[in-house]
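S.K.: okay, predicted coordinates and the sequence, questions at the end:
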Amino acid sequence: MAATVRALDLPPPVLIAPPSSQKGRNASPDWTARSDTPNRPQRVTLTLDPVSAEVIGREGFSAKHPIDKVIGYGIAAHEGQLFGWVNQLLGVLAALGLITLSVSGLVIWWRRRPEGQLGAPPALPESRIAMGLGLLIVLFGVLLPVLGISMIAIALIERFALRHIPGVRRWLGLDHNPVSFQKP
């Protein structure tokens, strides 16, 4: 089996499995060889005859369901395998951009924060912007459950614990009234 599979030059690593020892409907008397390459669109699964070692079945990426193909391309791109070094360079640039964004945000906040306070922005006044922002937060909380749970936990801690400690309330900026925007 190994000689037959080696001659087919499948993308490595290649896994060769003997026939299933289980009895039942899904048991197969055939050998299988599967390319387990990180680049998912190049993966192939072969079915081999146990007597002659000839290929009797081949399932490639093109035979997969369209959703499986989209997921396969997405995973390969995410892992940096789809376009080789160009894909990896894009990943590095994205990571450097996120690091720069995080560090610059911290620096900007540090320079502009009020003395002795966290420097959180004041609450928005009752308006369409505040309602739209609230709906967006709820949408993200539903679509990203860990974010939703953490926002609920923070809201509960602020509401029932932090608001009742005067020093923390001043530091968080919970003492001031919401800012009202006036038209010039």
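M.R.: Perfect, I can see it now.

S.K.: where's the residue nearest the centre of the chain relative to P41, distance?
M.R.: Closest to where the C-alpha atoms of the chain average out (Cα atoms, centre = their mean) is H78, at 8.7 Å. Per Cβ to Cβ, to the nearest Å, H78 is found 13 Å from P41. The C-beta positions use only the backbone N, C-alpha and C, and glycine is treated the same way.

S.K.: buried ones in the host helix or strand of L133?
M.R.: Using DSSP states H and E, L133 sits in helix 128-143. Across helix 128-143, burial judged by 16 or more other Cβ atoms under 10 Å covers G141.

S.K.: list the helices and strands that helix packs on?
M.R.: With contacts defined as 3 or more Cβ pairs under 8 Å, 6 or more residues apart in numbering; DSSP states H and E, helix 128-143 has these neighbours: helix 145-160.

S.K.: next SSE downstream of the helix it packs on?
M.R.: Moving toward the C-terminus from helix 145-160, the next helix or strand (DSSP H and E) is helix 166-172.

S.K.: send me that next one as CSV with only the CA atoms.
M.R.: Extracted in CSV, the C-alpha atoms of helix 166-172 (Å, rounded to 0.1, in the frame of the first residue of the first chain):
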residue,chain,number,x,y,z
PRO,A,166,-17.6,56.9,46.7
GLY,A,167,-13.9,56.8,45.8
VAL,A,168,-14.4,54.2,43.0
ARG,A,169,-17.5,56.1,41.8
ARG,A,170,-15.5,59.3,41.4
TRP,A,171,-12.6,57.5,39.8
LEU,A,172,-14.9,55.8,37.2
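
S.K.: tell me the mean pLDDT for that helix?
M.R.: Mean pLDDT, helix 166-172: 80.

S.K.: ok, now how distant is the residue nearest to the centre of the chain from W85?
M.R.: H78 is 16 Å from W85, by Cβ to Cβ.

S.K.: show me the contacts for A161.
M.R.: Residues counted as contacts of A161 (Cβ atoms under 8 Å, 6 or more residues apart in numbering): none.

S.K.: what do you get for N39?
M.R.: Per Cβ under 8 Å, 6+ apart, neighbours of N39: 11, 76, 81-82.
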